[in-house]
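> turn this into a model:
(4 chains)
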Amino acid sequence: MITELLSEIDDSAGRAGLLDDGARREIRRATLTAVCVPGYQVPFGSREMPVARGWGSGGLQVTLAVIGEPDTVKVIDQGDDAGVNATNLRRMIAGTEGCEESTDSRDATVIQTRHRVPEQPLTAEHVLVLQVPVPEPLRGVERSTAECDRMHAEGDYAAIWVSLYEDLVRNGVITRSTGYPVLVDGRYVMATTPIPRWDVPRLHRSPHLSLFGAGREKRIYAVPPDTDVEPLTFDDVPFEVEGGHEQQCALCGSSDTFLVEGGGGRTICSDTEWCARVAEGDADLEAHAKQAPLHLLPDPARRVRTAAPVTLVARPEPARRPVVSAAEWTLQVAGLGKVHGLGGADAVAGTGPEHGTAISPTTGAIVAAWDVGFDVAPGEAVGLIGESGSGKSTVLRCLVGEESPTAGVLHLAAVDAGATDLFTLDAAARRKLRVDVLGYVQQDPSAGLSLNVSAGGNIAERLTAAGWRSYHAIRQRAAELLDRVEVPLSRMDDPVKTFSGGMRQRVQIAKALATDPALLLLDEPTTGLDASVAAGVLDLLRGLLAERDVAAVVVSHDFAVIETLTERAVVMQLGRVVEHGLTDQLFADPHHPYTQRLVAAARR
Amino acid sequence: MGYSGARGGLEAILAAERHVRHERDHAPVPWAGTEQITARFRLAVDRVMGEAGLYDEPTAAHAFRQAEGDTLEAAHLVRAHRSTLPRLARSEPVDPDEMVVLRRIVPAHRTPDGPQLLGRTSDYTGRLLERPDGPPSPNGQVPAPVAQADGERRPRRFSAMLREMDLLVDHRTGADPEPFDVTRRPARPPAPRSAVLASMARAETGALVGLWYRSILGPDGNIHEVTLGEVRHGRLPLRVRHPHTGRPVRIGTFRATETEALEDLDGAEEDRARFDLGYGLCFGHNERKSIAMANLDVACRRFGASLEQVLLLTIDGLDSGGFLEHLKLPHYVTFRSMVDRKLAVRTTGERVRATDPLGRDCR
Amino acid sequence: MLRIRNLRKTFTLHTIDGRTVVSLDGVDLDVAAGEHVALAGPSGAGKSSLLRCVYRSYLPDAGSVSLDGVELTTLPDRAMARLRGRELGYVSQFLSAPPRTGPLEVVAASARRRGLDRDAAREAAAVALRAVGLEEALWDVDCGVLSGGERQRINLAAGTVAPPRLLLLDEPVSALDPANRELALSRIAGLAASGVAVLAVFHDAEAISRLATRVVELTAGRVIRTGPALEVAS
Amino acid sequence: MQPEERAELLALAERAELVELADRSLADGADLRVVVAPEVGCVATQVVEPVARERFLLGDVLACRAEVELDGVRGWSMRLGDDRAAVLAAAVCDAEANAGRPLAGAVAELCRRVAARSAAAEAAEWAALAPTVVAFEELA
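Reported below is the predicted structural model:
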């Protein structure tokens, strides 16, 4: 009886799909999220499909989530309905979902595709599902997935712009072929999966919905109908599609389609359906021609001379910021404290110069800095001097935003007219400030530069982060800056790793000044350099500070550096300020025994 | 028109399928029944269960046969099958202390609490190839019953002794965060340790062992040989809540392999007065995998982010195998686009620099 | 204009067992606008220390230095830095110009600190350099390669450019040949005549007698005598 | 016998003996309603790892379950594997016992048999394993 009962139950059961219902709902939810946030890669719990990951498992899951019995599915691979992968997927979808299948795009409601957008103009009735092998457009420029996630979250796309800049410098054209990165809806940079550049303009303000499924990397993203999709390129460097004006399909004669090798030196349409229909006279050629990206065919005459030497126009006077008289300071920091370890402010007792230690006797925490305060006016340079371990670099890192302090407040006149305590901002907001408000020069140039990137490219990173989008303007500006810091322009397009230490430091300084920041933070800017090279860099900095109304904080253990660059200085020992004053007074008439030791050391 | 030509794709696929079925299922040899496979290819079955992340011997055996012995392909079949199944329950938390051991060795100690139980292993047997002419003659011997004590079948773990001696760094916080479900949410760095452990538990064995060895000898390696505290293979009870009484009920047992690895801490900021402990556990009998997992667990804790990304994103056999397999798909559209750019570079007449490209594309 | 009361300065040498050296021991002194006060006395008497305390390169221990009623000893660092740039000219014996900058740049930078804009600063610098007789051919030459006399003239030009209200001179013409010395002294005299207060240390009596309206003689950090130049010099 | 203990033992019983007993139970025409049709699925296995004593998910175990109502009394079963006939039969047996129906004694008897079998299997297993214990000979 149990056996009969079981077969009765089986008879009444529904058809088994490739996905259980829970998964289907989950993927549908992720897809909806993707539609709501165009271009954003929505993580989803990708299930294992009966096809290999890489063979369309992501596209298949998206298709299964959106498709229903009234739908008609078409599957293509390389534009071809009869490709083995397409065939395999189509029979699996139609076989389990009970929907219709077709090779005619006009009949299909859901088109799953690999590497192509169909030539047939799509309508609002269509859903295009693209199989995505690698969804991350930043993968090429950033290896850490966590960092890629951060860059998307903050809209921090300078790295990819720099890669385009470098590509142009080195190769004269942008060599990215398929999967071209695009900016979607003005917000997220998205990989177009490996569709050719030919198809990229077809996603821009298209009437149909495009869904992208990456099964292996567990991401779904979307371009909703009528959404802006802009290929990343500089304003003065035209985006190019494949092909030339002279090509045409050997089978149907089309000259406005994406062509592939057809054997025997012929080229033929990659979209076999379109090709056949054109040959049969069953295609709306006019509608197709309207949306073919013929205006983007390469025109070598319009290409920029990308590596052409930049001619310096007479260097304009550095932009002078109006000195706001109301703000007597550019930067104001008060009560800054940083405790590494347990106890926070409670760990401070028993530390400092009078106790001869920075280590809390109660908790063992290191009180790296405590109760540090000073302000810097526009056009003024303030020094922070002390031996290593005195806390001066900790203070600077807190100002830069690389460390979060235990106590204190930081105000910049350039941020909310000085109303906001910067220490209350999150890491993303702090990073943004480094683009145009703060210039930061680190002791080790390799920490502040990308060594594999050219000198010009390093400056381009700053400029593109600040929104510069003209290749020529970027090059011009980079050349001016490099000239100002006395880097020969003949080296502008060489990777920084081929530069000497002093030259790298000059590039770093040029980069820090690229966006005319109101505040410059210098951390031991000449320490790693040979004495003669250091002297040159010091001269340069002195000149730069004198000609700009930039406020500067200079950290050094070397009195000579502080004396050269600053008018006022703060002396730190064991995390505390022990003395402050006019720099020449500190040097000529040091009061604190510690300062006297520093001066004695500098006079030696 | 080649293999993806405009006509004939489906016919070729169907013919290939028929060919596989015929050669596999109708080879002129006796049929390999499911019990044959589970009994004679125990370790292959266990490996499939582990890498598929689904414990059921007959299912794994079916897949192993269908995949003609390709364990990764078999794991794929099992996982795709699992995608069609609902989740009936989440088990009550399993305490590995309850393991009934089938094998247990403690390399770090000569005479630990409980036995050094060799069990079913050929670790200590010369690897001499045997070439029997036919089935071995039946062995009628039935071992005489031996009284069993709980301490022998559920020995106290070696690390418990170290903990008593205060020789272990204590990572117990008392918090009980919800475990990360890698089958329902993608795990990306930064992720909780539960995500890393789950990823490793279903990782491809070779990938895990290779990654471990690379950390020993590879250019970016940063872990050193650890001392194994304990390796066990045994049965663990699986309990769910009884829907009527709400109390736990054991619905069966599953076999698993467990490893505890002792790390001799030597970092500047590490506690040199203590050891750290790495943990490995996987379905079935797969000592290589659980040992590599235990080593990588502690390495991930010590060396952090870059290893975490590797463990979360690169050791899954279906991911790596699938991506590799996809290279066999046609790529002539993308290739054509690449050729177009090669030609474009030539036409610019700009000097081309032989420097490292910044940013590589994956297609 | 400048009013100094009971000014004391003691150096504590922490590097040598905390020994103290008294440099100024209660100095009172006033300098009015247009007045040229010369400091006299043996070396070590505290003449340079007094100038530096006014300029605040030395921080006095006690007493008061006020300029038009603004107390300088307690003025915040930044305000003092600004006041130095705008109101004070300090001319020492030696030029401390940054390397690889030319005279015009050095003097113009000083004028910029006085509050002139870029163009006005360059004009003022040109006037000052001409006044001290530096040939125009040298205006863009690296100061580092110029002679001691040329550098001293640049120094004087930088200190006196776009005239400050108070000029502090510490042996400003010691390295000059007679002709240039003459030019420099007339420059200083001209400034005093136009209302700049001058407090100066000269190594020779001739300069004092030519320029000073009053001489203050110091010994061991105290004022021992004050009076008209001729009287004290004798 | 507690319901949990019965469920544990029925989960270990063979399909044949369960189906046989369930068929006998239903033979009297009792009113059977299948509340949860025998269903194959996964049990996500949480393990408390001993280092930090935090849970992680080891993987899924294939299992099946069924629930029935026999003369208005519920019976439930869940077991490893995908034997839907066995789990349905076990649910019927469980209901039979819960309802105190005529074969309740037979269900109890089946459970005792399964328990004995399981104990014997474990003893035999140990008999084969025990000789592989390394016995260190302590030298005096």
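
> okay but residue A:53 is in contact with residue A:216, surely?
Yes: contact criterion CB atoms under 8 Å: residue A:53 and residue A:216 qualify, at 3.9 Å. Every residue, glycine included, has its C-beta placed from N, CA and C.

> how about residue A:450, nearest residue that isn't a chain neighbour?
Nearest residue to residue A:450 in three dimensions, chain neighbours excluded: residue A:458, at 6.1 Å (CB to CB, 6 or more residues apart in numbering or on different chains).

> helix, strand or coil for that neighbour?
helix (DSSP: H, G, I helix; E, B strand; the rest coil).

> so what's it scoring on pLDDT?
Listed pLDDT for residue A:458 reads 97.

> and it, how many neighbours?
The tally of other residues near residue A:458 (other CB atoms under 10 Å in any protein chain shown) stands at 25.

> contacting residues for it?
Shown in contact with residue A:458 (CB atoms under 8 Å, 6 or more residues apart in numbering or on different chains): A:162, A:449, A:450, A:496, A:507, A:508, A:511.

> for residue A:486, same thing?
Counted by CB under 8 Å, 6+ apart, residue A:486 has contacts A:506, A:536, A:540.

> likewise residue C:112?
Residues near residue C:112 by CB under 8 Å, 6+ apart: C:118, C:121.

> after the host helix or strand of it comes which helix or strand?
Using DSSP states H and E, residue C:112 sits in helix C:103-113. Where DSSP H and E defines the elements, the next helix or strand beyond helix C:103-113 is helix C:118-131.

> just want the angle from that following helix to helix C:103-113.
On the basis of axes from the mean of the first three to the mean of the last three CA atoms, to 10 degrees, helix C:118-131 is oriented at 120 degrees to helix C:103-113.

> hmm, helix C:118-131 in reach of chain A?
Yes: Helix C:118-131 is in contact with chain A by CB under 8 Å from any CB of the partner chain, via residue C:118.

> which strands and helices sit next to that helix?
helix C:103-113, helix C:148-160, helix C:178-193 (3 or more CB pairs under 8 Å, 6 or more residues apart in numbering or on different chains; DSSP states H and E).

> quick one: contacts of the next helix or strand after the last one?
Pointing back at helix C:178-193 there. Sequence order places strand C:197-201 as the next helix or strand after helix C:178-193, per DSSP H and E. With CB under 8 Å, 6+ apart as the contact definition, strand C:197-201 has outside contacts at C:1-2, C:31-39, C:47-48, C:50-51, C:54, C:165-172, C:188, C:191-192, C:211-212.

> centre of the chain to strand C:197-201, how far?
Offset of strand C:197-201 from its chain centre (CA atoms, centre = their mean, to the nearest Å): 6 Å.

> what angle do helix C:178-193 and that strand make with each other?
Counting by the same axes, to 10 degrees, strand C:197-201 lies at 140 degrees to helix C:178-193.

> relative to helix C:148-160, how tilted is strand C:197-201?
Strand C:197-201 and helix C:148-160 are oriented at 150 degrees to each other (the same axes, to 10 degrees).

> following the chain onward from strand C:197-201, which element is next?
Using DSSP H and E, the next helix or strand after strand C:197-201 towards the C-terminus is helix C:205-211.

> what comes into contact with that next one?
By CB under 8 Å, 6+ apart, helix C:205-211 touches C:36, C:38, C:40, C:173, C:185, C:188-189, C:192, C:198, C:200, C:202, C:215, C:229-230, C:233.

> with stretch B:165-178 instead?
Here stretch B:165-178 makes contact (CB under 8 Å, 6+ apart) with B:159, B:162-163, B:192, B:194, B:265, B:271, B:274-277, D:51-55.

> enumerate the residues of the stretch 201-350 of chain B near chain D.
Proximity of the stretch 201-350 of chain B to chain D is confined to B:201-202, B:236, B:238, B:240, B:242-245, B:247-252, B:254, B:256, B:260, B:277-279, B:281-283, B:297 under the rule CB under 8 Å from any CB.

> any of the residues you listed buried? List them.
B:201-202, B:236, B:238, B:240, B:242-244, B:248-252, B:254, B:256, B:260, B:277-279, B:281-283, B:297 (16 or more other CB atoms under 10 Å in any protein chain shown).

> residues near residue A:455, how many?
By the criterion of other CB under 10 Å, residue A:455 has 30 neighbours.

> quick check: closest non-adjacent residue to it.
Residue nearest to residue A:455 in three dimensions, not counting chain neighbours: residue A:507, with 4.9 Å by CB to CB, 6+ apart.

> surely the one you found touches residue A:448?
No: assessed by CB under 8 Å, residue A:507 is found out of contact with residue A:448, at 9.0 Å.

> quick one on the thing from earlier: what about residue A:53 and residue A:216, which has more around it?
Per other CB under 10 Å, whichever of residue A:53 and residue A:216 has more neighbours is residue A:53, with 29 against 24.

> which ones are touching the more buried one?
Neighbours of residue A:53 in contact, by CB under 8 Å, 6+ apart: A:215, A:216, B:318, B:319, B:321, B:322, B:323, B:326.

> ok, now how distant is the fourth one from residue A:58?
In this structure, residue B:319 and residue A:58 are separated by 12 Å, where distance is defined by CB to CB, to the nearest Å.

> hey, what's in contact with both of those two?
residue A:216.

> which residue of these two possesses the greater neighbour count?
Using other CB under 10 Å, the more surrounded residue of residue B:319 and residue A:58 is residue A:58, with 31 against 24.

> any part of the host helix or strand of that one near chain B?
Secondary structure assignment for residue A:58, by DSSP H and E: helix A:57-66. Yes: with CB under 8 Å from any CB as the measure, helix A:57-66 is seen reaching chain B through residue A:57.

> same deal with stretch A:226-241?
Yes: interface with chain B: stretch A:226-241 contributes residue A:240 (CB under 8 Å from any CB).

> what pLDDT, on average, does that stretch get?
pLDDT averaged over stretch A:226-241 gives 96.

> try stretch B:272-282
For stretch B:272-282, mean pLDDT rounds to 94.

> show me what contacts residue C:9?
Contacts of residue C:9 by CB under 8 Å, 6+ apart are C:22, C:23, C:24, C:46, C:49, C:53, C:58, C:60, C:61, C:221.

> how does it look with 7 Å?
Residues near residue C:9 by CB atoms under 7 Å, 6 or more residues apart in numbering or on different chains: C:23, C:24, C:49, C:53, C:58, C:60, C:61.

> could you pull out the strands for chain D?
Here chain D has its strands, by DSSP state E, at D:32-49, D:54-70, D:73-80.

> in JSON lines, list the ones you listed along with mean pLDDT, mean neighbour count and distance to residue A:386.
As requested, the strands of chain D are exported to JSON lines (pLDDT from 0 to 100; neighbours: other CB atoms under 10 Å in any protein chain shown; distance: least, CB to CB, whole Å):
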{"stretch": "strand D:32-49", "mean pLDDT": "96", "mean neighbour count": "20", "distance to residue A:386": "47"}
{"stretch": "strand D:54-70", "mean pLDDT": "97", "mean neighbour count": "25", "distance to residue A:386": "44"}
{"stretch": "strand D:73-80", "mean pLDDT": "97", "mean neighbour count": "24", "distance to residue A:386": "68"}
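
> can you tell which of the ones you listed is closest to residue B:342?
Taking CB to CB, strand D:54-70 is the member of the strands of chain D nearest to residue B:342, at 46.8 Å.

> now the closest one against strand D:73-80, angle please.
With the same axes, to 10 degrees defining the directions, strand D:54-70 sits at 140 degrees from strand D:73-80.

> next, the buried residues of the helix or strand bottoming out on mean pLDDT in chain A.
One helix or strand of chain A scores below all others by mean pLDDT, DSSP states H and E: helix A:531-547, with a mean of 83. Across helix A:531-547, burial judged by 16+ other CB under 10 Å covers A:533-547.

> quick check: next helix or strand after that helix?
Of the helices and strands lying after helix A:531-547 in sequence (DSSP H and E), the nearest is strand A:551-556.

> if we look at that following strand, which residues are touching it?
Contacts of strand A:551-556 (CB under 7 Å, 6+ apart): A:330-331, A:376-385, A:392-393, A:396, A:399, A:518-524, A:545, A:561-562, A:565-566.
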